[in-house]
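Visitor: Sequence first, then the predicted structure, then my questions.
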Amino acid sequence: MTNSSPMQDIGRCSPRFDALDKTLGREQFASDFYTEDMLWAGVCRAGIAHGRIRSVNTARAEVVKGVHCVLTRKDVPGSNRQGFVYWDMPVLCGTKVRHAGDALALVVAENRQVLARALSLIEVDITPLPVIDSMDVALENHASQVHDLETGNVLKSATITKGNPAEAMAQCDVILEETFFSPVQEHAYIETENGVARFDKDGILHLTVSTQAPFRDRFEIARALGLDHNKIHVINPYLGGAFGGKDGATVQCLLALAAIHVKGRTIKMWWDRRESMLAGYKRHAARMHYKLGAQKDGTLVALECELDYDTGAYAHLGVEIMALGLEHAGGPYRIANMESRGRCIYTNNPIAGAFRGFGVAQVCFAFEGMMDRLAIKLAMDPLVLRMKNALIRGDRNCAGVTMTHSTGMEECLMRLSEHGLWKTRKKWIADALPFKRRSVGISAVFNGMGYGRGLADYAIAKVKLSPSGLIRVYNGVSDMGQGNASTFVQIAGEILCQRQDTMELVQPDTDRTHPSGSATAGRTTYTYGKALIKACEALRDKLFNRAALMLLVDDGAGFAMIPGGVRHLPSGRDLSLADLAAMMMPDDRICMAEYLMPTTPEMPKGGETFKLGFPHLIYPFAAHLARVEVDELTGEIIVHDYLAFTDGGRVLNPQVFEQQVQGAVAQGLGYALFEEVKTREALLETKDFSTYILPTSMDLPDIESHAVETIEHSGPFGMKGIGEVGMNAPLPAVASAMAHAGLPMNHAPFTPERVLGVLDQEKKDIPCN
Amino acid sequence: MQLNFELNGQPVTLFVDGAMRALDLLRERCGITGPKEGCGSGECGACAIWIDGVTKLSCLMLAAQLQGRTVTTIEGLAKDEPHPLQQFFVKKGAVQCGYCTPGMIMTAAELLTHEKMPDREMIRNAISGNICRCTGYHKIVDAVEDAAEAMQGLKP
Ligand code: FES
Ligand code: FES
């Protein structure tokens, strides 16, 4: 396929490196690993939401034929603590149960049938404690304690301030106040949490896991189980989705624990969908109280808000997620005075954690909701109002950071205002049939990119010329489906002038690739890409110098890369990469480089409270539009058309760019319309895909995506990152449409029941004479 | 039980517990990992295969139900070259994480056997039992549309 194989040029719409294998069914995901001698491991989970463990009796399970071991808390060496910043989650619980998915015992068995039988025979005796099933209950004075903290069930509270909001509020022409609620959302990646592990004779623990952070996993396993992280080897194939949900320990510590007890055998753990929904991480539910003050002409003046995030039974990244909520609480706008107070609250609900839009998706709903209410109140065009206040370079954003990097908010809105779907909105709305109400909503959002301050956002890239003359990229950051790995091939291809079929890619492997942080925070391509550019340039210069030796010319000047080789331009002579490789020693064919992402030197008042991830320096922006039709009889909302303008800096591969936007919009529309994890007394009611409703092909419109290519000078070829920002806009865009249709909704998702509720309210509000 | 069936054009004979799921049989006993498990309860379509040319969910079938049947999985869909759907899924960017892709393509490929030129609505209808969490379906529908045209000689 040499000639049909595309050049890996930057900016070219190039098919992904991984796509063909995936369509042929050849790609091996972690879940596709099976070995001859494989055992299965599984977990006995609490099933009740809060209680003291009196006993976990494994006697009957142990004697089942084919059971290799049944492990409980006493079999866990090390600290037994998992977590990122707060190590509050046990690998196996010994004394207390904090949510229904808590793991109490681990079984390793010959096959899945034996495993299921043994698990059913474990007897647990738990004395129930009062269940904390909501943030309100958690905050009550004498509430039962999920973790025994001095602060009760408040894991952390914090306030950031800017200017003087109380004073400024008093001077405002208009003041609006609202409370918004956003639901718990399930990641619902199609490949559930899984992996295999094996403890070898040489004392090395090998794992192949579906994870977003293979390098950090080693430390997490080592700390939890008291092992040496140097003796843990993690391989990380392509993931079948993750979206944040595989950032942090899922199966890792459990698998490692099984492997150190049953040495020399490969052990597989694969949560089924119900277990994934029970024990996996979810998006935080949030309650957001907003008070916004503005002048008559629409100028935003002051904002006060209170944000409560329900982190469930464990901290995971709850504090960092709340911090991002505070940082983004005022939207992509210029507001001189602001105070945001946040609380991250423990309950016995399912564990909340990282999810695309990390704390920001929630506040975008609230802030944009305020913008629409303000527009209605002032009888202003909602787009004009947003434009008037949109951040431009040199402004301080709502958290107080000066926008010194590319800031495309205004341009996204401007481009949207010129689009047909916006311009023809009045006619479209007027054409609604009886009992249908049409409306067009817009939203403007942003999302800090990278880890933010306090946690070095770094990557180490490695490229190698193989003996046969192929360029091999060693990727150290996971690809959960977003396409970063493919973009890395493209970056190397651009610099080294190669076609796709003369390139190879090594996926993350702690023995072969180098630590490059997690696949999170929209940082992946930016950070690793910067390191990779340096590594590729070094390799290119090295190849030129070696070629000079071979062609007996003075130095590497005057050479150029060509597909499959180098050319000496003055003489027109070519050397193939294979010939060059033959003249080089193995180490000489390798180039490595690293990169650290810049952070802001500005620290907003109150921001010191957060150790990690606050605030950010670089932001992607987006403006979205949704054309929505509401059925007044059934309460059903249909999204007819969808439009997205995204400023992610320069676009490296338009196809991958569109994929990211469309995928994020799909998740965002699910969040807006029907996705909601429901619990009753902290126990899951939406336990599977028949009760947790995901968007299907029938629920989503075609999604039109346009890039607003501001050039981010610090980024690789001018790009930023767009992994998250697209997630933040659909809910507020649909909400905006609803508000302008006279149906303001404060509680997402907008299920038919809730829509009917608002329609009823509207009828009641009509004064009867 | 002794189980005989044809798998991607090859005869297979196995001694198995007939009550195991067809999906597990393929993955654990036959080394066929193209069909994926996403839900195990018939809601996601990731495990879709063909039985005698008709799309079925292998997580809802027992091994014994394969007796005497012709089974086609994503691995067996390509003939001398990738099936047009496989080619257009690549070309149009319909693959992200790729975990739904095998099931999605099997469903779409069956559609194209009896519906030569489906419109977007028909395609959306046909794949509505296959959940994709990554793509938003837009590019998948594009790919199926283009593959249909290509199969009719209307597109290179
Ligand atoms: S795994 Fe069979 S339909 Fe989901
Ligand atoms: S591509 Fe990931 S689920 Fe469809």
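Guide: Ah, there it is. Ligands and ions are numbered 1, 2, ... in the order given.
Visitor: The nearest residue to residue A:693 once chain neighbours are set aside and ligand 2: what is the separation?
Guide: Spatial nearest neighbour of residue A:693, excluding adjacent residues (Cβ to Cβ, 6 or more residues apart in numbering or on different chains): residue A:674 at 4.6 Å. For the C-beta atoms, the positions are set from N, CA and C on the backbone; glycine is no exception. As judged by Cβ to the nearest ligand atom, to the nearest Å, residue A:674 and ligand 2 stand 18 Å apart.
Visitor: List the contacts of residue A:674.
Guide: A:693, A:695, A:749, A:751 (Cβ atoms under 8 Å, 6 or more residues apart in numbering or on different chains).
Visitor: next structured bit after the strand or helix carrying residue A:60?
Guide: Assessed by DSSP states H and E, residue A:60 sits inside helix A:59-62. The element immediately downstream of helix A:59-62 (helix or strand, assigned by DSSP H and E) is strand A:67-71.
Visitor: list the helices and strands that next one packs on?
Guide: In terms of contacts (3 or more Cβ pairs under 8 Å, 6 or more residues apart in numbering or on different chains; DSSP states H and E), strand A:67-71 is packed against helix A:59-62, strand A:103-109, helix A:112-120, helix A:252-261.
Visitor: got a list of what whichever residue of the stretch 601-750 of chain A sits closest to ligand 2 touches?
Guide: Closest contact between the stretch 601-750 of chain A and ligand 2, by Cβ to the nearest ligand atom, is at residue A:663 (8.0 Å). Residues in contact with residue A:663 (Cβ under 8 Å, 6+ apart) are A:726, B:96, B:133-136.
Visitor: from these, which ones fall inside helices?
Guide: residue A:726 (DSSP state H).
Visitor: Present the contacts of residue A:663 as TSV; the columns should include pLDDT, neighbour count and distance to residue A:233.
Guide: Shown next, in TSV, are the contacts of residue A:663 (pLDDT from 0 to 100; neighbours: other Cβ atoms under 10 Å in any protein chain shown; distance: Cβ to Cβ, whole Å):
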residue	pLDDT	neighbour count	distance to residue A:233
A:726	97	31	35
B:96	98	31	28
B:133	98	28	29
B:134	97	31	28
B:135	97	27	33
B:136	97	31	36
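Visitor: between the contacts of residue A:663, which is nearest ligand 1?
Guide: Nearest to ligand 1 among the contacts of residue A:663, with distances taken as Cβ to the nearest ligand atom, is residue B:133, at 12.2 Å.
Visitor: now, which of the contacts of residue A:674 sits nearest ligand 1?
Guide: residue A:693 (14.9 Å).
Visitor: Ok, which of the helices and strands packed on strand A:67-71 comes nearest chain B?
Guide: helix A:112-120 (7.8 Å; Cβ to the nearest Cβ).
Visitor: packing partners for the helix or strand that comes right after the closest one?
Guide: Moving toward the C-terminus from helix A:112-120, the next helix or strand (DSSP H and E) is strand A:123-128. Contacts defined by 3+ Cβ pairs under 8 Å, 6+ apart place strand A:123-128 against strand A:51-57.
Visitor: Per-residue pLDDT of the one residue sitting closest to the centre of chain B, please?
Guide: Closest residue to the average C-alpha location of chain B: residue B:106 at 2.4 Å, with Cα atoms, centre = their mean. On pLDDT, residue B:106 comes in at 98.
Visitor: Secondary structure element for it, which one?
Guide: Assigned by DSSP H and E, residue B:106 falls in helix B:101-114.
Visitor: contacting residues around that helix?
Guide: In contact with helix B:101-114 (Cβ under 8 Å, 6+ apart) are residues A:22-23, A:25, B:34-36, B:38, B:44-50, B:53-55, B:72-74, B:77, B:83, B:85-86, B:89, B:94-95, B:118, B:122-123, B:126-127, B:129-130, B:132, B:140, B:144, B:147-148, B:151.
Visitor: and that helix, which residues are buried?
Guide: Neighbour counts over helix B:101-114 (16 or more other Cβ atoms under 10 Å in any protein chain shown) mark B:101-112 as buried.
Visitor: now whatever residue of the stretch 551-700 of chain A ends up closest to ligand 1: how far from residue B:133?
Guide: As assessed by Cβ to the nearest ligand atom, ligand 1 sits closest to residue A:689 within the stretch 551-700 of chain A, at 7.4 Å. Plainly put, residue A:689 is 11 Å away from residue B:133 if you go by Cβ to Cβ, to the nearest Å.
Visitor: Work out for me the element the closest residue to residue A:638 other than its chain neighbours sits within.
Guide: Excluding the flanking residues, the one nearest residue A:638 by Cβ to Cβ, 6+ apart is residue A:629, at 4.8 Å. Here residue A:629, judged by DSSP H and E, is contained in strand A:621-631.
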